[in-house]
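Trainee: sharing a model that was predicted from the sequence below.
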Amino acid sequence: MSEKKKELNEIKNLRSKPKKTLRVTSASLESIIYKPFKVLDHGFIRVIDYMGDDSAIVQSARVSYGEGTKKVSNDSGLIRYLMKNWHTTPFEMCEIKLHIKLPIFIARQWIRHRTANVNEYSARYSILDKEFYIPKAQNMSSQSKTNKQGREGSLSKKDTKKFLEILKDDAERNYKHYEDMLNEKQNGEIKNENKKGLSRELARINLTLNTYTQWYWKIDLHNLLHFLYLREDTHAQYEIQAYAEIILNKIVKRWVPHTYNAFKEFQLESFNLSRTATEIIKQRLKGKKISYEKSGLNKREWNELTRRFGIK
Ligand SMILES: Cc1cc2nc3c(=O)[nH]c(=O)nc-3n(C[C@H](O)[C@H](O)[C@H](O)COP(=O)(O)OP(=O)(O)OC[C@H]3O[C@@H](n4cnc5c(N)ncnc54)[C@H](O)[C@@H]3O)c2cc1C
């Protein structure tokens, strides 16, 4: 049986044995627990476990003996109030554990979020899968001229094809060298019985950064929202955005729908106005025009403000 089929069977098996609990559960999240959401070409995210739901946030905010819930409208109002006023600790009462498969170069960005618990697949102990992230042609953009950390504009068809081949060939070649040095294949098959292979912890060191790794990642809801605020944003790299988008819209939305709405309303889709920017908007509302030169903002801040408010 292939590895993929084995994994699917394990998931089916887990889902076929529901357990009774007195704790709060989210029916919508239960409907997808253990099931993988595909991300990029070989990646996935699946929920392994969780604690709490919207009512647990309300319960802890009210320091209640019972469910803490009054009416749905009250709960939603309280969650909006907490979110708007940065009263964050009630959101820390909810936790989630995810199993994530992601390319190593994205894992490096992800691991910077220190307020999570992580256990990564050990490439000292096991052999990494022969799976590399190869971008889709439409994502093969050139270096941005305005943002040194970004990409913009497309490449020629010829260059896209050439660069995709380079990415693929390098990953394949390095993986082949990895297998040669190990002297064993991913399925444990020994290549040459008369030869000693290099240790796994050393053979892995020249694998390309687009090789996939996996980890279990556990985080509380407050810190998860902080992660999503930074990584679902257009300033984040497209590939980590793809993961954040799934966590936000396929998982958080199901798990804590009132929190999801309040987060989008007061954080994700809101815009922070500085003192100077507030003054500019006040002046505009009085019908006064203010030029960039006299605004007191730097170019980047000015561009952001005028774009957000459609100021010409
Ligand atoms: C678009 C983008 C570009 C980036 N570019 C770079 C880059 O070029 N180079 C680079 O190195 N990183 C880069 N980063 C990573 C960034 O600097 C942060 O390390 C990362 O986003 C994690 O944020 P955080 O520290 O707020 O999150 P977490 O580590 O989850 O921490 C959450 C919060 O806990 C508190 N906290 C956690 N640990 C400490 C601590 N030790 N001391 C004080 N307070 C703490 C802080 O309030 C923090 O905001 C980038 C991030 C983004 C989103």
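Mentor: Structure's in. What do you need?

Trainee: report how many residues lie close to the residue of the stretch 1-150 of the chain found nearest the ligand.
Mentor: Taking Cβ to the nearest ligand atom as the measure, the stretch 1-150 of the chain has Arg114 as its residue closest to the ligand, at 3.3 Å. Where you see a C-beta, it was placed from the backbone N, CA and C, and this is true even at glycine. Using other Cβ atoms under 10 Å, Arg114 has 7 other residues around it.

Trainee: quick check: which element contains it?
Mentor: Element membership for Arg114 (DSSP states H and E) is empty, with no helix or strand holding it.

Trainee: the closest residue to Met140 other than its chain neighbours: what secondary structure?
Mentor: By the measure of Cβ to Cβ, 6 or more residues apart in numbering, the closest residue to Met140 outside its immediate chain neighbours is Thr160, 4.7 Å from it. Per DSSP: H, G, I helix; E, B strand; the rest coil, the secondary structure class of Thr160 is helix.

Trainee: please give me every residue in contact with Thr160.
Mentor: The contact partners of Thr160, taken as Cβ atoms under 8 Å, 6 or more residues apart in numbering, are Ala137, Met140, Ser154.

Trainee: one more pass at 10 Å, please.
Mentor: Under the criterion of Cβ atoms under 10 Å, 6 or more residues apart in numbering, the neighbours of Thr160 are Pro135, Lys136, Ala137, Gln138, Asn139, Met140, Ser141, Ser154.

Trainee: those residues in strands, which ones?
Mentor: When the contacts of Thr160 are checked against strands using DSSP state E, the ones located there are Ser141, Ser154.

Trainee: confidence score at the residue of the stretch 1-150 of the chain closest to the ligand?
Mentor: According to the predicted model, the pLDDT of Arg114 comes to 97.

Trainee: contacts only, for it.
Mentor: Arg114 makes contact with Asn223, according to Cβ under 10 Å, 6+ apart.

Trainee: change the start of the numbering to 54 and stick with it
Mentor: Shifting the count to begin at 54 puts that one at Arg167.

Trainee: output the set of residues of the stretch 104-253 of the chain in proximity to the ligand.
Mentor: Applying Cβ under 6 Å from any ligand atom, we find that the stretch 104-253 of the chain lies next to the ligand at Arg165, His166, Arg167, Thr168, Gln202.

Trainee: which of those residues sits closest to Asn138?
Mentor: Comparing these against Asn138 with Cβ to Cβ picks out Thr168 as the nearest, at 20.7 Å.

Trainee: skip the chain neighbours and tell me the closest residue to the closest one.
Mentor: Excluding its sequence neighbours, the residue lying closest to Thr168 (Cβ to Cβ, 6+ apart) is Asn276, at 4.0 Å.

Trainee: and Arg361, by the same measure?
Mentor: Using Cβ to Cβ, 6+ apart, the nearest residue to Arg361 is Phe324, at 5.3 Å.

Trainee: show me what contacts that neighbour?
Mentor: By Cβ under 10 Å, 6+ apart, Phe324 lies in contact with Ala330, Glu357, Leu358, Arg361, Phe362.

Trainee: ok, of the residues you listed, which come out buried?
Mentor: For those, burial is judged from neighbour counts taken by 16 or more other Cβ atoms under 10 Å, and it is met by Ala330, Leu358.

Trainee: closest to the ligand among the contacts of Phe324?
Mentor: Nearest to the ligand among the contacts of Phe324, with distances taken as Cβ to the nearest ligand atom, is Glu357, at 14.6 Å.

Trainee: for the protein, what spans make up the helices?
Mentor: Counting by DSSP state H, the segments of the chain that form helices are 56-68, 80-83, 107-114, 125-137, 157-163, 210-235, 253-256, 274-284, 291-299, 306-308, 310-316, 328-338, 345-348, 352-362.

Trainee: now Ala256: how far from the ligand?
Mentor: Here the distance between Ala256 and the ligand works out to 28 Å (Cβ to the nearest ligand atom, to the nearest Å).

Trainee: I'd like to know how far the nearest residue to that residue once chain neighbours are set aside sits from Lys248.
Mentor: With sequence-adjacent residues excluded and distances taken as Cβ to Cβ, 6+ apart, Ala256 is closest to Met234, at 4.2 Å. For Met234, the distance to Lys248 under the criterion Cβ to Cβ, to the nearest Å works out to 10 Å.
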